[in-house]
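Trainee: compute the structure for the input listed below.
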Amino acid sequence: MFRHPRNMAVTRIAVRAVLRNPKSPDALNVPGDSGADSTLNNGFLAAHFASIHPGSVTVNLGSSGFMAYSLEKKNSLLPRIFAVVDDIFCLFQGHIENVAILKQQYGLNKTANEGIIVIEACRTLQDRGPYPPDQVVRDIQGKFAFVIYYNFSKDTFIASDANGSVPFFWGTNAESHLVLADDTETVKKVCGKTFAPFPKGCFFTSSGGLRSYEHPLNELKLVPRVDSSGHVCGATFSVDVEAKKESIGVKKK
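Mentor: Numbers count the residues shown, from 1 in each chain. Next up is the predicted model:
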């Protein structure tokens with residue numbers, strides 16, 4: 001799990017994480033009783049994850065929260081990977097089809113895995129000023145979902161492929177912390193009615209919020225989710241073809 005200013009958590013993608021982020025979509029917050037388990041906050045959530053996934057690894061990120069990941073029940077076609085380079089943490093699940101091209105593009109050796117490739121792509125984003133974050137994701141071909149955390153700046157970068165090939169869900173817990181995971185039961189338990197699939201073909205950054213990488217200049221339109229009882233529970237998003245927005249890059253650190 002992993003946490004960052006308005007928290008986010010990820011489970012079983014390559015990780016279970018909780019993050020806090022001040023720009024997490026307000027649409028994920030459900031007024032009134034969200035049905036979230038209020039006991040699974042702070043370190044209790046990490047402990048809960050460890051208890052149901054023996055042998056899992058938790059990375060404590062101090063006030064920013066934590067990442068936790070497990071390699072149990074791995075899908076050989078969509079493997080989970082955890083990687084760290086120069087204080088950049090990556091939790092990745094899936095498979096990149098154009099690995100050879102990206103390794104050449106970023107000057108990586110033959111042993112570099114998908115997690116290292118994504119980190120190097122994000123390092124390039126940080127170093128090239130106006131290099132658009134949507135281009136980073138658009139360059140990646142394959143089935144994937146990932147979470148990047150920059151320890152030096154406390155920023156986050158989260159993305160899912162255009163087809164939503166990797167199970168990936170998010171929501172907010174009782175403390176309005178953002179939680180992400182590939183485990184539906186964990187996210188539902190922690191987030192209650194704010195539980196929702198992470199929007200496919202989209203990426204989320206601390207500086208720019210949620211955006212479509214296929215249509216980066218278009219706004220995303222909120223589509224409320226309704227449960228079997230007719231109550232609003234979380235939200236999904238679709239591209240608004242009528243609404244444009246200015247391109248937002250990631251500032252160089």
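Trainee: hey, let's count contacts and neighbours off CA atoms from now on
Mentor: Noted.
Trainee: list the buried residues for the host helix or strand of residue 51?
Mentor: Residue 51 is part of helix 43-52, with elements assigned from DSSP states H and E. For helix 43-52, burial by neighbour count (16 or more other C-alpha atoms under 10 Å) applies to 45-46, 49-50.
Trainee: report the mean per-residue pLDDT for that helix.
Mentor: Mean pLDDT, computed over helix 43-52, is 80.
Trainee: now the element after that helix, going C-ward?
Mentor: For helix 43-52, the succeeding helix or strand toward the C-terminus, using DSSP H and E, is strand 57-60.
Trainee: strand partners of that following strand, parallel vs antiparallel please.
Mentor: strand 65-69 (antiparallel) (DSSP bridges).
Trainee: and the next helix or strand along the chain from the strand it pairs with, what does it pack onto?
Mentor: Where DSSP H and E defines the elements, the next helix or strand beyond strand 65-69 is strand 80-85. For strand 80-85, the packing partners by 3 or more C-alpha pairs under 8 Å, 6 or more residues apart in numbering; DSSP states H and E come out as strand 88-96, helix 114-127.
Trainee: export the buried residues of helix 43-52 as JSON lines, with columns for distance to residue 62.
Mentor: As requested, the buried residues of helix 43-52 are exported to JSON lines (distance: C-alpha to C-alpha, whole Å):
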{"residue": "45", "distance to residue 62": "14"}
{"residue": "46", "distance to residue 62": "13"}
{"residue": "49", "distance to residue 62": "17"}
{"residue": "50", "distance to residue 62": "18"}
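Trainee: which of those lies closest to residue 97?
Mentor: Nearest to residue 97 out of the buried residues of helix 43-52 is residue 49 (C-alpha to C-alpha; 31.1 Å).
Trainee: please tell me how far the closest one sits from residue 209.
Mentor: The gap separating residue 49 from residue 209 is 27 Å, by C-alpha to C-alpha, to the nearest Å.
Trainee: the helix or strand harbouring residue 136 - what's its average pLDDT?
Mentor: Element membership for residue 136 (DSSP H and E) is helix 133-138. Helix 133-138 carries an average pLDDT of 86.
Trainee: now do that helix: distance to the chain's middle.
Mentor: Centroid separation for helix 133-138 versus its chain: 14 Å, with C-alpha atoms, centre = their mean, to the nearest Å.
Trainee: next one: stretch 95-115
Mentor: 21 Å.
Trainee: also stretch 94-110?
Mentor: Distance, centroid of stretch 94-110 to centroid of chain: 21 Å (C-alpha atoms, centre = their mean).
Trainee: also stretch 53-72?
Mentor: That offset, for stretch 53-72, works out to 15 Å (C-alpha atoms, centre = their mean).
Trainee: so for it, what gets flagged as buried?
Mentor: In stretch 53-72, counting by 16+ other C-alpha under 10 Å, buried: 53, 56-61, 64-71.
Trainee: count of neighbours near residue 77?
Mentor: The number of residues packed near residue 77 is 10, by other C-alpha atoms under 10 Å.
Trainee: show me the contacts for it.
Mentor: Contact analysis of residue 77 by C-alpha atoms under 8 Å, 6 or more residues apart in numbering lists 94-95.
Trainee: what about it, distance to residue 224?
Mentor: 32 Å.
Trainee: what does residue 100 give?
Mentor: 40 Å.
Trainee: what ranges does the stretch 151-253 of the chain have for its strands?
Mentor: Applying DSSP state E, counting those that start in this stretch to the stretch 151-253 of the chain gives strands spanning 155-160, 169-172, 178-181, 196-197, 202-205, 209-212, 218-226, 232-244.
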